[in-house]
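Trainee: Compute the structure for the input listed below.
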Amino acid sequence: MKYVGCALLGVTAVLVACGLVGPEHLVAQADRVWSVLLFAVAITITATLADAAGVFDMAAGLAARAARGRTWLLWLFVIVLALASTVFLSLDTAAVLLTPIVVLVARRARLDPLPFALTTVWLANTGSLLLPVSNLTNLLALHRLGTLGTGAGDLSTGPGSPGVEAGQPAGDPSVLDFAGLTWAPALACALVPVVLLALIYRGRLFGRFRAFDLPPAREHDRPLLVGAAVVVVVLLPALASGIDVWIPACAAAVALLGLFAWRRPAVLSPRLVPWSFLIFAVGLFAASAAATGLGLSDWLVHRVAASDASGPAFGSAVSGGAASEVSGGDGLGRLLGLAFGGALAANAIDNLPAYLALEAAAGTPKQLVALLIGVNAGPLITPWASLAVLLWHRQLTGLGVEISWRRYLTLGLMCAPLTVLVGTCALALT
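Mentor: Below you'll find the model as predicted:
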């Protein structure tokens, strides 16, 4: 990842040096994304230290014992843990930290770990719609929602709404406003993968395991474990409180760093910072700013907006969403067009640049959420569609769990289109 990020930064630097891209585009992008990146780094450090303290291991052990030998109940606990981690700690955190835990729990119970691992990565993506902190694309979308006049009042309207003068941003929406707009598609997008996994792996998820064969959980430093658990418990509502999310995330990271400096200083090292992810993300954002400076984003939006929204092909579905910026409608066809366009772009170039490239095509809050459905729940087909997928697969390989990319692509082709379809229909009905 870091090599890709370095390459993107190098190309961007060359474009700036040649005068093809003005530095003001990079400055504007940096002003927009610095808090997003700071949150991502802080929440990763927080989750890594919480895991080192034993918080996730304790939760998984409690779930395994509470299942009392019923595989379906153990799987249900994994679903809840995956969704909670994704919603409050972001999808990348869930993919990185939960994957080894659920694989370990499944092996302790002498169960096939693959259905549990797939549950983690699918829900890490499809379950990342509810709150701004659930996905970096959501944090990026907050500003766009504000410019559409959604800082207060009716989230289903854009500029020109009562109390909002045209062209005047109303400020970023609150967390509750955001959740009020996304709760229905978030629920639908989380439900579809669960149903599919239950059908695909019904022979492995509805048996029993010998609960008394489970070995005891690892021993942990009790003061450290309790302190870390308290930090996490306090952090979760703070992330949903409406405070800028980087503030509680940084506070939690500092608190845990202090705890580990007291109890286990050997754990503290520069490797706690996710350098590869950070370089990769900075490279993507820089390349996106360069593309904007070159006019590629505007070209893409206008090309999409000029297309025929009624075309039957999957690729032409993009046109409905982008064209709606011109017509301003929130019809199901246009929402589906933007959602499937976002999913297609995410599987082609990764979900972060896909969102940034198509953001301007969303002219109303519902259209923006439709795009989020596509770029959040749709990246389940290609390996590079979502950073969480790459991190998840690397974890699986290290744990000795094999799934070929061909098999993953086949399963993703079953899940992604159906999830995007159901999630967008749920959005249209609200």
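Trainee: When you work out contacts or count neighbours from here on, use the C-alpha atoms and nothing else.
Mentor: OK.
Trainee: what residues does stretch 111-125 touch?
Mentor: 75, 78-79, 82-83, 86, 90-92, 94-95, 98-99, 102-104, 106-107, 190, 193-194, 197, 201, 204-205, 209, 376-380, 388-389, 392, 396, 401 (CA atoms under 8 Å, 6 or more residues apart in numbering).
Trainee: chain center to that stretch: distance?
Mentor: 15 Å (CA atoms, centre = their mean, to the nearest Å).
Trainee: If you count neighbours, what's buried in that stretch?
Mentor: 111, 113-125 (16 or more other CA atoms under 10 Å).
Trainee: Just those: which are in helices?
Mentor: When DSSP state H is applied, the buried residues of stretch 111-125 are split such that 113-125 fall in helices.
Trainee: okay if I get those residues as TSV plus pLDDT?
Mentor: Formatted as TSV, those follow (pLDDT from 0 to 100):
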residue	pLDDT
Pro113	92
Leu114	93
Pro115	94
Phe116	94
Ala117	93
Leu118	95
Thr119	95
Thr120	94
Val121	94
Trp122	96
Leu123	96
Ala124	94
Asn125	95
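Trainee: so which of the residues you listed comes closest to Phe56?
Mentor: Thr120 (13.7 Å; CA to CA).
Trainee: ok, the closest one to Leu74 distance?
Mentor: Thr120 is 13 Å from Leu74, where distance means CA to CA, to the nearest Å.
Trainee: For stretch 58-72, give the mean pLDDT please.
Mentor: When pLDDT is averaged over stretch 58-72, the result is 83.
Trainee: to the chain's geometric centre, what's the distance from it?
Mentor: 26 Å.
Trainee: Tell me the buried residues in it?
Mentor: In stretch 58-72, counting by 16+ other CA under 10 Å, buried: 58, 60-61, 63-65, 67, 69-72.
Trainee: Then stretch 73-88?
Mentor: 73-79, 81-88.
Trainee: now swap in stretch 240-258 and tell me
Mentor: 240, 244-253, 255-257.
Trainee: Ok, stretch 48-61 next?
Mentor: 48-58, 60-61.
Trainee: Mind listing residues that contact that stretch?
Mentor: By CA under 8 Å, 6+ apart, stretch 48-61 touches 78, 97-98, 101-102, 105, 217-218, 220-221, 224-225, 228-229, 232, 256-257, 272.
Trainee: Quick check: end-to-end length of it?
Mentor: Using CA to CA, first and last residues of stretch 48-61 are 18 Å apart.
Trainee: which one is Ala428 nearest to, not counting chain neighbours?
Mentor: Leu332 (5.9 Å; CA to CA, 6 or more residues apart in numbering).
Trainee: Return the subset of the buried residues of stretch 58-72 lying in helices.
Mentor: Reading helices off those with DSSP H, I get 58, 60-61, 63-65, 71-72.
Trainee: quick revisit: distance to Asn135 added to the ones in helices among the buried residues of stretch 111-125, as TSV?
Mentor: Below are these laid out as TSV (distance: CA to CA, whole Å):
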residue	distance to Asn135
Pro113	26
Leu114	24
Pro115	23
Phe116	21
Ala117	20
Leu118	19
Thr119	17
Thr120	15
Val121	13
Trp122	14
Leu123	12
Ala124	9
Asn125	8
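Trainee: residue ranges with poor pLDDT in the stretch 101-250 of the chain?
Mentor: 149-171, 211-218 (pLDDT under 70).
Trainee: at 50 instead, please
Mentor: Within the stretch 101-250 of the chain, the stretches with pLDDT under 50 are 151-169, 212.
Trainee: Show me where it has its helices.
Mentor: 113-126, 136-147, 175-200, 202-205, 222-239, 246-263 (DSSP state H, counting those that start in this stretch).
Trainee: For Gly22, which of the ones you listed is the nearest?
Mentor: Checked against CA to CA, the stretch from those lying closest is helix 136-147, at 21.9 Å.
Trainee: if we can go back for a sec, just the buried ones among the contacts of stretch 48-61, please.
Mentor: Applying 16+ other CA under 10 Å to the contacts of stretch 48-61 flags 78, 97-98, 101-102, 105, 224-225, 228-229, 232, 256-257 as buried.
Trainee: now these as TSV including distance to Val133?
Mentor: Below are those laid out as TSV (distance: CA to CA, whole Å):
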residue	distance to Val133
Val78	20
Leu97	17
Leu98	17
Ile101	22
Val102	23
Val105	27
Leu224	26
Leu225	24
Ala228	20
Ala229	19
Val232	15
Leu256	19
Leu257	21
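Trainee: which among these gets closest to Phe285?
Mentor: Checking the buried ones among the contacts of stretch 48-61 one by one against Phe285 (CA to CA), the nearest turns out to be Leu97, at 24.9 Å.
Trainee: Now do the contacts for that closest one.
Mentor: 47-48, 51.
Trainee: Pro248 now?
Mentor: Contacts of Pro248 by CA under 8 Å, 6+ apart are 235, 238-239.
Trainee: Mind giving me the PyMOL command for buried ones among those?
Mentor: Listed next is the PyMOL selection for buried residues among the contacts of Pro248, using 16+ other CA under 10 Å:
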select buried, resi 235+238+239
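Trainee: From the contacts of Pro248, pick the one nearest Arg32.
Mentor: Distances from Arg32 to the contacts of Pro248, taken by CA to CA, are shortest for Leu239, at 19.2 Å.
Trainee: pretty sure the closest one contacts Val245?
Mentor: Yes: when contacts are counted by CA atoms under 8 Å, Leu239 is listed as touching Val245 (5.6 Å).
Trainee: intersection of neighbour lists for these two?
Mentor: The contact lists of Leu239 and Val245 share Val133, where a contact means CA under 8 Å, 6+ apart.
Trainee: Can you tell me how far Arg334 is from Leu181?
Mentor: Arg334 is 17 Å from Leu181, by CA to CA.
Trainee: OK, contacts around the residue positioned nearest the centre of the chain?
Mentor: Residue closest to the average C-alpha location in the chain (CA atoms, centre = their mean): Asn135, at 3.4 Å. Asn135 makes contact with 90-91, 128-129, 376 under the criterion CA under 8 Å, 6+ apart.
Trainee: can you do 10 Å?
Mentor: 36, 40, 86-92, 124-125, 127-129, 141, 352, 372, 376 (CA atoms under 10 Å, 6 or more residues apart in numbering).
Trainee: how far away is the nearest residue to Leu391 once chain neighbours are set aside from Gly423?
Mentor: Excluding the flanking residues, the one nearest Leu391 by CA to CA, 6+ apart is Val96, at 6.1 Å. Separation of Val96 from Gly423 (CA to CA) stands at 25 Å.
Trainee: When those two are compared, which one has more neighbours?
Mentor: Neighbour comparison, Val96 and Gly423: the larger count goes to Gly423, with 29 against 25 (by other CA atoms under 10 Å).
Trainee: Give me the distance between that one and Leu191.
Mentor: 9 Å.
Trainee: Lovely, talk soon.
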